[in-house]
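Q: Build the 3D model from these lines:
(chains A and B)
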2 protein chains.
Amino acid sequence: MSDIKELIGDKKLHGKITSAEEAARIIKKDMTLGCSGFTPSGYPKVVPTALAKRAEAEGPIPVGIWTGASTGPELDGVLASTGCIKKRFPYQTNDAIRKGINEGDIQFADVHLSHCAQNIRYGFYGKIDVAIIEAIRITPEGGIIPTSSVGNSNAFVEVADKVIVEINTVQPQGLDGIHDIYSPENPPHRKPIPITNVHDRIGTTYIPCDPAKIVAIVASDVKDSQRPLAPADEISSKMAANLIDFLSVEANAGKLPKGLLPLQSGVGNIANAVLEGLVAWPTDGLTVYTEVIQDSVFELLDTGKIAFASSTALTPSPDGAAKYYPRINEFKDRIVLRPQEISNNPEVIRRLGLIAMNTAVEVDIYGHVNSTMAGGTRMLNGIGGSGDFARNAYLTVFLCPSTSGGGKISKVVPFCSHVDHTEHDVDLIVTEYGVADLRGLSPRERSREIIERCAHPDYKEPLRDYKRRAEEGKGHEPHLLGEAFSWHERLRTNGTMKK
Amino acid sequence: MSDIKELIGDKKLHGKITSAEEAARIIKKDMTLGCSGFTPSGYPKVVPTALAKRAEAEGPIPVGIWTGASTGPELDGVLASTGCIKKRFPYQTNDAIRKGINEGDIQFADVHLSHCAQNIRYGFYGKIDVAIIEAIRITPEGGIIPTSSVGNSNAFVEVADKVIVEINTVQPQGLDGIHDIYSPENPPHRKPIPITNVHDRIGTTYIPCDPAKIVAIVASDVKDSQRPLAPADEISSKMAANLIDFLSVEANAGKLPKGLLPLQSGVGNIANAVLEGLVAWPTDGLTVYTEVIQDSVFELLDTGKIAFASSTALTPSPDGAAKYYPRINEFKDRIVLRPQEISNNPEVIRRLGLIAMNTAVEVDIYGHVNSTMAGGTRMLNGIGGSGDFARNAYLTVFLCPSTSGGGKISKVVPFCSHVDHTEHDVDLIVTEYGVADLRGLSPRERSREIIERCAHPDYKEPLRDYKRRAEEGKGHEPHLLGEAFSWHERLRTNGTMKK
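A: The predicted model follows:
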């Protein structure tokens, strides 16, 4: 590990350099910690690991952990497995945390990612005791330059009593200059966010921080625990092709610009497949305004298909990081990393007119979408930014395979067992079978489109049967409430939604 | 009726003056009409009535009717009762239309009110053949000055092939100057909406219109069919008092400014009661940024308690109109009427930091809200602007009495039979029993708050029992899907949710 003094421009802070163990001692039971990190990128690693070690020796040190979104095993993993997380905001993907949430041991509040920072500043969630921020370096003025994500770090630094900085010496120093930190004022003093193009820069390249708040600086040489991406499978590729065909038709009909509008795409394999599919789009110079930059965006930036990408995190796979991080300087003038309050901001999303593409856990025949919960009860990951984008986009798309569990689960159901996005917020539903275009349709029209175009053939007739019998009872959005969840109940008791 | 020539500044248009019957002949079967009107205010009256008369003689002339929101009997009523409405956007309150919607005869698309105009401009809903706009007069340049609402009229005039103007001679001419018409450009050219204060004016006092589009001008002397407001009943008053007490505590704790933040309040008696309750607020100079101005806002403007009100419609009761319309000039510099795309705009709502207060049809134990549908199936009115405000406000409040139907219906249920606002969008739930503050709480914490603070005593133990048994099965948001809708089913079969 190199001497981190040279990475701390403000020499008065050199006296704050300490060990992870010493820094972890600042953290007391029942504190609330605001940690950097969005996806397994840019999260603190050595201080949480030291805290977990202390807990192993001394017993659990339960704290509240607020981050940007999910993080990696060296934060969420080690703290959950040592019983140190009592409350967790606003998104997670870690197995141990998910287990704790579903056992009722960890209180999880599932918040729109764009709402998190302002609600923290408003004081709605109480105070933040300590912010722990991963940085590539500290400027001479005490500004903190984040690593591979921004998330809520700027808000945490603003409101926290104390700040611990982890200087990570293995994150690419070339990230310096990629960030654009802007914090809106609170009402009634808030001004328009002056972004009118995906590439607009409106803030600073560092997180301003009063040096007096910085209580410890710790060296780290632990890499982000990136997750591998599966190659696109046949079903993901079909979904991507269905959507891209649809966008082509819209563009040819003049309903979308030939160069499309800024693209947003969720996290994961399906999202990655959709963007990969755009490699054959006839026009170069596409733009991306999203919350994560996965491998496909690096690839399309590399070929020029994508001209610019705005996000709050770099989320490459290990292969992607190995390929693109050493070349980060080549991408730096075509990528900006913003606070998630800005990457996911309704004002900017609506102004720019995004094409928002997110995955669904299940959809129902009227176009409601479940993004978070299995069987209405068991938390998977959280709503993340899907609501920020879905509500405010130019065109809102939800993708899911028509079935899962080897065909035993239909992703198109009579009634979503949990509703995260309502019928009012969904334009298109895409499965490997087709695209249902719901814009301007009444519920009866929507259910016909969704069943006929998107459902798996094995479930079409049962869905038609439900629709037919429900409509006999009249109503605007006909339902048979007594059997609305019978498909989920059958799955629970028989292991399949099939009769 | 006065000669309307003097109300048409552009003399070249005098030749377009015609009868309502002649103007109605421009409308053909299967056309789509974009009509002014938001609540029973500012909607065209004599042309739709003439169209309905023609339908009585010739048989139904089915058309699509798009408006700002609900309208009055001389538009929705006469056309629905003559079978002339085949499609209806984006909100309604008329009995005949509601019946048609619930029979499946009228296709109703229930859209966020702020989304409507842009989706029309994007071409998502097809073309508008004829716009019918109620006006107080036409300027020398052909600009149309609306009457008591703006709604989507600017968008209709922009996109329609033809425009019919109803010059209403009994609407107060003093409304001239109250409107502020601003149409955002479409992406990718959209700019920030430059409103940073409730009172900011950013547009024109008239709807710009190419005079060549105006195909008919018709005189009208029919008043808006305003609806009476019931005096606040005991339950509404208690809900209002509970909410205002809560706001007082927040303001005293420094979590809200002493003068609050701009207030939004839905349509109807409960909303009116809440605003009336603010008469005793210690600070003058409150502001309102909302979609309707009811009697209470006029009253509080009159006393100075409210300094300024922004809205898209004036919706006084008949008594309120009789009292305040003759004095409209006294209010004109403290009221602005904007397009609903601006009054309900997420960008502006979030920037200004509203306190959004809307009523719920039912809420569930985890904080999901049903705003639209009885028993999950039967449309009441529509989502209106509640989603625009709820998602983007500083503080989002839903109010409802704890029961209805003489106690046979609990408004707090295990699972909402229709979800219009998700748990991610709701801060406070208020009934006559109390206030549940859900900010930052996990589902298990929320269900405790909602049941203990808001539910009616008759339903508390059954709700606790559901919660207890559901939590035995674990999960983040514990449910028993097999009985989640059993309360609604019991109501349907037994006429009561009680066992």
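Q: Touching, residue A:36 and residue A:67? I think so.
A: Yes. In this structure, residue A:36 is within contact of residue A:67 by CB atoms under 8 Å, at 7.3 Å. Bear in mind the C-beta positions are built from the backbone N, C-alpha and C, glycine included.
Q: More neighbours: which of these two?
A: residue A:36 (32 against 29; other CB atoms under 10 Å in any protein chain shown).
Q: Check the residue in the stretch 351-499 of chain A that chain B sits nearest to and give its pLDDT.
A: Nearest to chain B, among the residues of the stretch 351-499 of chain A, is residue A:353, at 2.4 Å (CB to the nearest CB). Predicted confidence (pLDDT) for residue A:353: 98.
Q: That one touches residue A:263, doesn't it?
A: No. Counting by CB under 8 Å, residue A:263 is not a contact partner of residue A:353; they are 11.0 Å apart.
Q: which residues do residue A:36 and residue A:67 both contact?
A: Common contacts of residue A:36 and residue A:67 (CB atoms under 8 Å, 6 or more residues apart in numbering or on different chains): A:43, A:151.
Q: picking that back up, show me the contacts for the residue of the stretch 351-499 of chain A closest to chain B.
A: Residue A:353 neighbours (CB under 8 Å, 6+ apart): A:261, A:262, A:393, A:394, B:186, B:187, B:188, B:190.
Q: Now the stretch 151-300 of chain A against chain B: closest residue?
A: For the stretch 151-300 of chain A, CB to the nearest CB, closest residue to chain B: residue A:187, 2.4 Å.
Q: neighbours of that residue, just the number please.
A: Residues lying near residue A:187 (other CB under 10 Å) number 19.
Q: show me what contacts it?
A: B:261, B:351, B:352, B:353, B:394.
Q: out of everything not next to it in sequence, what's closest to it?
A: Nearest residue to residue A:187, sequence neighbours excluded (CB to CB, 6 or more residues apart in numbering or on different chains): residue B:353, at 2.4 Å.
Q: next one: residue A:334
A: That would be residue A:308: by CB to CB, 6+ apart, it lies 5.2 Å from residue A:334.
Q: Over to residue A:448?
A: residue A:467 (7.6 Å).
Q: Show residues contacting the helix or strand harbouring the one you found.
A: Here residue A:467, judged by DSSP states H and E, is contained in helix A:457-472. Applying CB under 8 Å, 6+ apart, the contact partners of helix A:457-472 are A:365, A:402-403, A:407, A:410, A:412, A:414, A:433, A:444, A:447-448, A:451-452, A:455, A:478-480, A:483, A:497-499, B:104, B:377.
Q: can you pull the contacts of residue A:45?
A: Counting by CB under 8 Å, 6+ apart, residue A:45 has contacts A:72, A:74, A:75, A:134, A:166, A:168, A:220, A:222.
Q: quick one: low-confidence ranges for chain A?
A: Along chain A, segments meeting pLDDT under 70 span A:1-2.
Q: the domain parsing of it - what is it?
A: A:4-220, A:234-494 (automatic domain parsing).
Q: Can you check my assumption that the residue nearest to residue A:334 lies in a strand?
A: Yes. Judged by DSSP: H, G, I helix; E, B strand; the rest coil, residue A:308 forms part of a strand.
Q: how deep is it tucked in, by neighbour count?
A: 19.
Q: Double-check it against residue A:284; I have them as touching.
A: No. Residue A:308 is beyond contact range of residue A:284, at 11.8 Å (criterion: CB under 8 Å).
Q: The stretch 351-499 of chain A: strands as residue ranges?
A: All strands of the stretch 351-499 of chain A, identified by DSSP state E, counting those that start in this stretch, fall at A:355-359, A:362-364, A:369-370, A:373-374, A:378-379, A:395-399, A:403-404, A:409-410, A:412-413, A:428-430, A:435-437.
Q: And the stretch 151-300 of chain A, by the same measure?
A: Secondary structure of the stretch 151-300 of chain A (DSSP E, counting those that start in this stretch): strands at A:162-168, A:214-220, A:263-265, A:286-289.
Q: Enumerate every residue touching residue A:354.
A: A:261, A:262, A:263, A:264, A:289, A:389, A:392, A:393, A:394, A:395.
Q: Of these, which ones also sit close to chain B?
A: A:261, A:262, A:392, A:394 (CB under 8 Å from any CB of the partner chain).
Q: Just put those in JSON lines and tack on neighbour count and distance to residue B:325.
A: Below are the ones next to chain B among the contacts of residue A:354 laid out as JSON lines (neighbours: other CB atoms under 10 Å in any protein chain shown; distance: CB to CB, whole Å):
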{"residue": "A:261", "neighbour count": "23", "distance to residue B:325": "44"}
{"residue": "A:262", "neighbour count": "25", "distance to residue B:325": "46"}
{"residue": "A:392", "neighbour count": "29", "distance to residue B:325": "37"}
{"residue": "A:394", "neighbour count": "24", "distance to residue B:325": "40"}
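Q: Please report how far residue A:466 lies from residue A:129.
A: To residue A:129, residue A:466 is 51 Å away according to CB to CB, to the nearest Å.
Q: Compare those two (neighbour count), which wins?
A: With neighbours defined as other CB under 10 Å, residue A:466 and residue A:129 compare such that residue A:466 has more, 23 against 18.
Q: can you list the residues of the stretch 151-300 of chain A near chain B?
A: A:186-188, A:190-194, A:196-197, A:255, A:257, A:261-262.
Q: Just give the number of residues close to residue A:299.
A: Residue A:299: 18 surrounding residues under other CB under 10 Å.
Q: Surely it is in contact with residue A:276?
A: Yes. Counting by CB under 8 Å, residue A:276 is a contact partner of residue A:299 at 7.3 Å.
Q: in the stretch 151-300 of chain A, which spans are helices?
A: With DSSP state H, counting those that start in this stretch as the criterion, the stretch 151-300 of chain A has helices at A:153-159, A:234-252, A:269-277, A:295-303.
Q: give me the residue from the stretch 1-150 of chain A nearest chain B.
A: Closest point on the stretch 1-150 of chain A to chain B, by CB to the nearest CB, is residue A:107, at 3.8 Å.
Q: Mind listing the residues bridging to that residue?
A: Counting by DSSP bridges, residue A:107 forms beta bridges with residue A:87.
Q: Residue A:184 is in contact with residue A:202, correct?
A: No. Counting by CB under 8 Å, residue A:202 stays clear of residue A:184, with 10.4 Å between them.
Q: Neighbour count: these two, which is higher?
A: Using other CB under 10 Å as the criterion, residue A:202 and residue A:184 rank with residue A:184 on top: 20 against 13.
Q: ok, back up a step: by neighbour count, sort out the buried ones in the contacts of residue A:45.
A: Buried by 16 or more other CB atoms under 10 Å in any protein chain shown: A:72, A:74, A:75, A:134, A:166, A:168, A:220, A:222, out of these.
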